[in-house]
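K.L.:
I would like the atomic coordinates for the input below:
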Amino acid sequence: MTVFMVLSTIAILAALGVVLFSSPVRSALCLVFNFFTLAFIYFGLKTELLGITQIVVYTGAIMVLFLFVIMLLNLGGPQTWKERFEFRTVLGFGFGFALAAVIASQVFANFQYFDKPQAPDSFGSPQALGRVLFTHYVWPFEIASILLLIGIVGSIMLAKRKL
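P.N.:
Reported below is the predicted structural model:
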């Protein structure tokens, strides 16, 4: 339980770094660190396939795409103090803090009634995931794959230059 608490605290701090850093590159690096921390949480929950997928797909592919877009756009430096701190910013932080407090109160209130559930030994294994994915969720899986294929073909068509 303590390893989970340490990793979850690190993940929360990394998520705050994503939002609070003014440099887009630092925010992206905090997001990479958050993805790795979430992968270690998955490993601790004995869902190795989900942890490996987290590292390969999100950290490997998505973050490379994010960093490529940041470098391609050549985003400027941080804004001035007056541009960053407006009334809307203070109001947004206030509402965000209130929402986080309400969610935390509901989550922590239920911890006293929480018993540790026992998952089967095969939980999180590639075999169990494949069995469920290709029996109960075969149609949503196929629809998602078709939508991804349409997105890939559309992006190729948009990126293709006219001769």
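K.L.:
CA atoms for contacts and neighbours, from now on please.
P.N.:
Fine.
K.L.:
So which residues of the chain form helices?
P.N.:
For the chain, the helices defined by DSSP state H cover 2-20, 24-44, 48-53, 63-73, 81-84, 87-109, 126-133, 138-159.
K.L.:
Just tell me which of those ends up closest to Gln118.
P.N.:
helix 24-44 (14.3 Å; Cα to Cα).
K.L.:
Please name every helix or strand in contact with the closest one.
P.N.:
Using 3 or more Cα pairs under 8 Å, 6 or more residues apart in numbering; DSSP states H and E, the elements in contact with helix 24-44 are helix 2-20, helix 48-53, helix 63-73.
K.L.:
May I see the buried residues of the last one?
P.N.:
In terms of neighbour count (16 or more other Cα atoms under 10 Å), helix 63-73 has its buried residues at Met63.
K.L.:
pLDDT on that helix, on average?
P.N.:
For helix 63-73, mean pLDDT is 77.
K.L.:
same thing with the longest one?
P.N.:
Helix 2-20 comes out with an average pLDDT of 90.
K.L.:
Nearest residue to the middle of the protein?
P.N.:
Phe35 (6.3 Å; Cα atoms, centre = their mean).
K.L.:
Could you report the pLDDT at that residue?
P.N.:
91.
K.L.:
do the same with Gln54
P.N.:
89.
K.L.:
That one contacts Ala39, doesn't it?
P.N.:
Yes: Gln54 is within contact range of Ala39, at 5.7 Å (criterion: Cα atoms under 8 Å).
K.L.:
more crowded one of those two?
P.N.:
With neighbours defined as other Cα atoms under 10 Å, Gln54 and Ala39 compare such that Ala39 has more, 25 against 19.
K.L.:
Quick one: residues contacting that one.
P.N.:
Leu50, Gly51, Ile52, Gln54, Ile55 (Cα atoms under 8 Å, 6 or more residues apart in numbering).
K.L.:
show me the residues around the third one that make contact.
P.N.:
Residues near Ile52 by Cα under 8 Å, 6+ apart: Ala39.
K.L.:
do you know how far Val102 is from Pro140?
P.N.:
34 Å (Cα to Cα, to the nearest Å).
K.L.:
Need the pLDDT of the closest residue to the residue nearest to the centre of the chain other than its chain neighbours.
P.N.:
Spatial nearest neighbour of Phe35, chain neighbours left out: Thr59 (6.2 Å); criterion: Cα to Cα, 6 or more residues apart in numbering. Per-residue pLDDT puts Thr59 at 82.
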